[in-house]
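Trainee: Sequence plus predicted model, see below.
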Amino acid sequence: METPIKVDLDFNRNEDTNKLEVAKMNRLLKEIRLGGGQVRIDKQHKIGKLTARERIDFLIDKDSYFLELGAFAGYDMYKEYGGCPAAGVVGGIGYVSGRQCLIVANDATVKAGAWFPITAKKNLRFQEIAMENRLPIIYLVDSAGVFLPMQDEIFPDKEHFGRIFRNNAKLSSMGIPQIAAIMGSCVAGGAYLPIMSDEALIVDGTGSIFLAGPYLVKAAIGETVDKETLGGASTHSEISGVTDYKMPDDETCLNTIRDLVDKFGDFDKAGFSRKESHAPKGNIKDLYGILPAERSKPYNSKEIIKRLVDNSKFTEYKADYGKTIICAYARIDGWSVGIVANNRQVVKNAAGEVQFGGVIYSDSADKAARFIMNCNQKKIPLVFLHDVTGFMVGTRSEHGGIIKDGAKMVSAVSNSTVPKFSIIIGNSYGAGNYAMCGKAYDPRLIVAWPTAKVAVMGGSQAAKVLLQIQTASRKAKGEEISPQEEKAILDNITSRYEAQTTPYYAASRLWVDAIIDPLETRNIISMGIEAANNAPVEKFNPGVIQT
């Protein structure tokens, strides 16, 4: 029988603070999901079009879960152009005719679905997820093409607009099905996306596709032509043969996509172990009370794990060694997983020396590297739970080879071939972010709780370092700084730095795929492993790891 967690004033304060953070996240999501606003939504409806989110809701299986990714992409960006909610494109993983698919829908209420730089980045991330997990991808196209005032930041580079079409070709060569529905405008270079897909549908009356619209045709060659004649549904279904299915309305189009997906064959599976799912014995809502409101306070990270894993049961690896990282085997929603979690308790090593929670020491890095290699040998997906301030610093650690041991862990993470999933619970600072499989290390999904912070170091430390640099520079010029001025500079630096460490700042730039309610963590990991199970795992080669 699981011992109930102690509920006290600290627990209640933590619970209140973390619930407020979740409420803030949901409030922002509600605003973002309005896209370009109710007036533009009404305009869509008036001409018989569903919005991007309505199309996705209609397409996915009834009462199934849709994992939206990148909802905060573009948040608080492009203010000079009126903003770009959700980067003007809605997408994620959903079930269509019982099959997991990656769904991407342009939001025509946001600048007519035009592509900003972050829109391209988000679409490329969707295609990356589809490739890694061999997920069929469904495009619901309704876009005016590149946002011209920012064309220099979206058109020519390797990770810009053209990469989308290159990925269309790569997905096709990998045998990953792509279906595109032209449900609105599809202009210029954007016309290649649906036609480089395997099958294309077009909605009569609202869908159109052409390399140059009527105005550009008139300017370029002097021809006067209307949109329907140039590139409407009849033109491309009956004359050019560019599209494969002519649909009378959005609903029929989406139902036809469901019929097409229903006929897909299956891929070879990776073969990850899954058994019957069991809920945690500990109340998952305790997560709100366990995580401290004051992020510097220690807490028992094992209590977090108990609220995430089946039956609250896990088998800890090397429990008495390298205690500032917890490594454990468990199941989440029936799936076998290997968990690597930062331990936020203050502990003592075998020599009786105190080790600070959330810091990676040499012994912890060594243990984690071995555990990661074991999971690769056993074909067990990895789950990283971040609350890390970085690697231990100082003379003793440097003499003890912390760089070498940290390199072992980073190397093991880098060469891991089993799918990796990162959950940023609290801090994710510096090289600790790298060792715990940050965005640069190809996690299949990386999500953050509203309590997350991502930065090269904590705000107060960074501000003090930057203050020292500024004051030294001014003193070198013979300028004196009063204590009041020094405090003002420190406060200004701290405020600016702290704003850049929030999960919203990270999510707006797609450093994380989503900000989630902690209670959704189990479901998201389960969906991620289900998706990853579509792609066979390559043989693990650890590379050169110093011993």
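Mentor: Received the coordinates, thanks.
Trainee: Which strands and helices lie in contact with the lowest-mean-pLDDT helix or strand in the chain?
Mentor: Within the chain, no helix or strand scores below helix 459-476, which has a mean of 74 by mean pLDDT, DSSP states H and E. Other elements packing on helix 459-476 under the criterion 3 or more CB pairs under 8 Å, 6 or more residues apart in numbering; DSSP states H and E are helix 483-499. For glycine as for every other residue, the C-beta is placed from the backbone atoms N, C-alpha and C.
Trainee: Enumerate the positions of the helix it packs on that are buried.
Mentor: Buried residues in helix 483-499, defined by neighbour count with 16 or more other CB atoms under 10 Å: 489-490, 493-494, 497-498.
Trainee: Run through the stretch 401-547 of the chain and note the low-pLDDT ranges.
Mentor: Using pLDDT under 70 as the threshold, the predicted model of the stretch 401-547 of the chain has low-confidence ranges 459, 462, 544-547.
Trainee: Sorry, slip of the keys, the one I care about is the stretch 1-150 of the chain.
Mentor: Residues of the stretch 1-150 of the chain that meet the criterion pLDDT under 70 lie in 1-4.
Trainee: Apply 50 and report the result again.
Mentor: For the stretch 1-150 of the chain, residues meeting the criterion pLDDT under 50 lie at 1.
Trainee: give me the number of residues near N167?
Mentor: Neighbours of N167 under the rule other CB atoms under 10 Å: 21.
Trainee: Now it: which helix or strand?
Mentor: With elements taken from DSSP states H and E, the one containing N167 is helix 162-173.
Trainee: Show me what that helix is packed against.
Mentor: Identification of packing neighbours for helix 162-173 by 3+ CB pairs under 8 Å, 6+ apart yields helix 117-133, strand 178-187, helix 192-195.
Trainee: any idea which of those is most buried?
Mentor: Scoring these by mean neighbour count under mean count of other CB atoms under 10 Å gives strand 178-187 as the most buried, with a mean of 26.
Trainee: Out of the buried residues of helix 483-499, which is nearest to V447?
Mentor: Checking the buried residues of helix 483-499 against V447 by CB to CB gives E498 as the nearest, at 21.3 Å.
Trainee: Next one: that closest one from Y505, what distance?
Mentor: Noted for E498: a distance of 10 Å to Y505, by CB to CB, to the nearest Å.
Trainee: now swap in T252 and tell me
Mentor: Taking CB to CB as the measure, T252 and Y505 are separated by 42 Å.
Trainee: and if you look at H236?
Mentor: Here H236 is placed at a distance of 42 Å from Y505 (CB to CB).
Trainee: The residue of the chain most remote from its centre in helix, strand or coil?
Mentor: In the chain, G478 marks the outermost C-alpha relative to the chain mean, sitting 48.3 Å out by CA atoms, centre = their mean. Reducing the assignment at G478 to three states with DSSP: H, G, I helix; E, B strand; the rest coil gives coil.
Trainee: if you skip the residues just before and after it, what's nearest to V22?
Mentor: Counting by CB to CB, 6 or more residues apart in numbering, the nearest residue to V22 once its immediate chain neighbours are dropped is D517, at 5.2 Å.
Trainee: returning to that earlier point: the helix holding N167 versus strand 178-187: what angle between them?
Mentor: Relative orientation of helix 162-173 and strand 178-187, computed by axes from the mean of the first three to the mean of the last three CA atoms, to 10 degrees: 150 degrees.
Trainee: Mind listing what's buried along helix 162-173?
Mentor: The neighbour-count criterion (16+ other CB under 10 Å) identifies 162-165, 167-168, 171 as the buried residues of helix 162-173.
Trainee: Can you list the residue ranges for strands in the stretch 351-500 of the chain?
Mentor: In the stretch 351-500 of the chain, the segments counted as strands under DSSP state E, counting those that start in this stretch are 354-355, 359-360, 382-388, 390-391, 420-429, 445-448, 453-455.
Trainee: about what we covered before: of T252 and Y505, give the one with the bigger neighbour count.
Mentor: Of the pair T252 and Y505, Y505 is the one with more neighbours under other CB under 10 Å, namely 19 against 15.
Trainee: so who does that one touch?
Mentor: Listed by CB atoms under 8 Å, 6 or more residues apart in numbering, the contact partners of Y505 are 76, 454, 499.
Trainee: Any regions of the stretch 251-400 of the chain where pLDDT drops low?
Mentor: Judged by pLDDT under 50, no stretch of the stretch 251-400 of the chain qualifies at all.
Trainee: Cross-check the contact I'm expecting between G48 and D204.
Mentor: No. Distance between G48 and D204: 10.1 Å, which falls outside the contact criterion (CB atoms under 8 Å).
Trainee: list the residues that contact both of these two?
Mentor: Residues touching both G48 and D204 comprise D249, with contact defined as CB under 8 Å, 6+ apart.
Trainee: higher neighbour count, those two?
Mentor: The neighbour count for G48 versus D204, taken as other CB under 10 Å, is higher for D204 (16 against 13).
Trainee: what about that one, distance to A114?
Mentor: As for D204, its distance to A114 is 24 Å (criterion: CB to CB).
Trainee: Could I have the CA atoms of the least confident helix or strand of the chain written out in PDB?
Mentor: What follows is helix 459-476, C-alpha atoms only, in PDB (Å, rounded to 0.1, in the frame of the first residue of the first chain):
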ATOM      1  CA  GLY A 459      19.200  34.300 -13.500                       C
ATOM      2  CA  SER A 460      20.900  35.500 -10.300                       C
ATOM      3  CA  GLN A 461      24.200  33.900 -11.200                       C
ATOM      4  CA  ALA A 462      24.100  35.200 -14.800                       C
ATOM      5  CA  ALA A 463      23.200  38.700 -13.700                       C
ATOM      6  CA  LYS A 464      26.100  38.800 -11.200                       C
ATOM      7  CA  VAL A 465      28.500  37.600 -13.900                       C
ATOM      8  CA  LEU A 466      27.300  40.200 -16.300                       C
ATOM      9  CA  LEU A 467      27.400  42.900 -13.600                       C
ATOM     10  CA  GLN A 468      31.000  42.100 -12.900                       C
ATOM     11  CA  ILE A 469      31.900  42.500 -16.600                       C
ATOM     12  CA  GLN A 470      30.100  45.800 -16.900                       C
ATOM     13  CA  THR A 471      31.600  47.300 -13.700                       C
ATOM     14  CA  ALA A 472      35.100  46.100 -14.600                       C
ATOM     15  CA  SER A 473      34.700  47.700 -18.000                       C
ATOM     16  CA  ARG A 474      33.600  51.000 -16.600                       C
ATOM     17  CA  LYS A 475      36.300  51.100 -13.800                       C
ATOM     18  CA  ALA A 476      38.900  50.400 -16.500                       C
END
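Trainee: and that helix, how far out from the chain's middle?
Mentor: Centroid separation between helix 459-476 and its chain, computed with CA atoms, centre = their mean, to the nearest Å, is 34 Å.
Trainee: And for I5, the neighbour number?
Mentor: Applying other CB under 10 Å, I find that I5 has 16 neighbouring residues.
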